[in-house]
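*Asks:* I would like the atomic coordinates for the input below:
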Amino acid sequence: QVQLVESGGGLVQPGGSLRLSCAASGSIFSINTMGWYRQAPGKQRELVAAMSDGGVTNYADSVKGRSTISRDNGKNTVNLQMNSLKPEDTAVYYCRVEGVYQSGSRFPRNYWGQGTQVTVSS
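*Replies:* This is a model prediction of the structure:
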């Protein structure tokens, strides 16, 4: 089993910045994609940003130019730096890892973090 530990959520004023971090652990051999999703009240969960193990990134249009995703393959961590935050960025943010190969396992699996609340309000 893989554990995902998220940190960095909280309350921030409009225009402010926040950095979310996620660390994956659990006899991991490799991870294909690491990223962040978010879910606002009454809305579906949506992709915010993701990065492949080769460094290819994918951003939601709503955060392009305001956010930067980064990962450390050696430490199995992924970070999301979010700037110029807006009230509409308020949501629970979930770490997501896909294509996880663990030692002794033949098939890759996907995992979700428990979520961290981000609130943008004055």
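
*Asks:* show me what contacts L47?
*Replies:* Counting by Cβ atoms under 8 Å, 6 or more residues apart in numbering, L47 touches G35, W36, Y37, N58, A60. Where C-beta positions appear, they are placed from N, C-alpha and C, glycine not excepted.

*Asks:* Which members of those are classed as buried?
*Replies:* Neighbour counting by 16 or more other Cβ atoms under 10 Å classes G35, W36, Y37 among these as buried.

*Asks:* Dump those residues into CSV; add pLDDT as well.
*Replies:* Formatted as CSV, the buried ones among the contacts of L47 follow (pLDDT from 0 to 100):
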residue, pLDDT
G35, 98
W36, 98
Y37, 98
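
*Asks:* any idea how far the residue nearest the centre of the chain lies from R71?
*Replies:* Among the residues of the chain, the one closest to the centroid is W36, at 2.5 Å (Cα atoms, centre = their mean). Plainly put, W36 is 11 Å away from R71 if you go by Cβ to Cβ, to the nearest Å.
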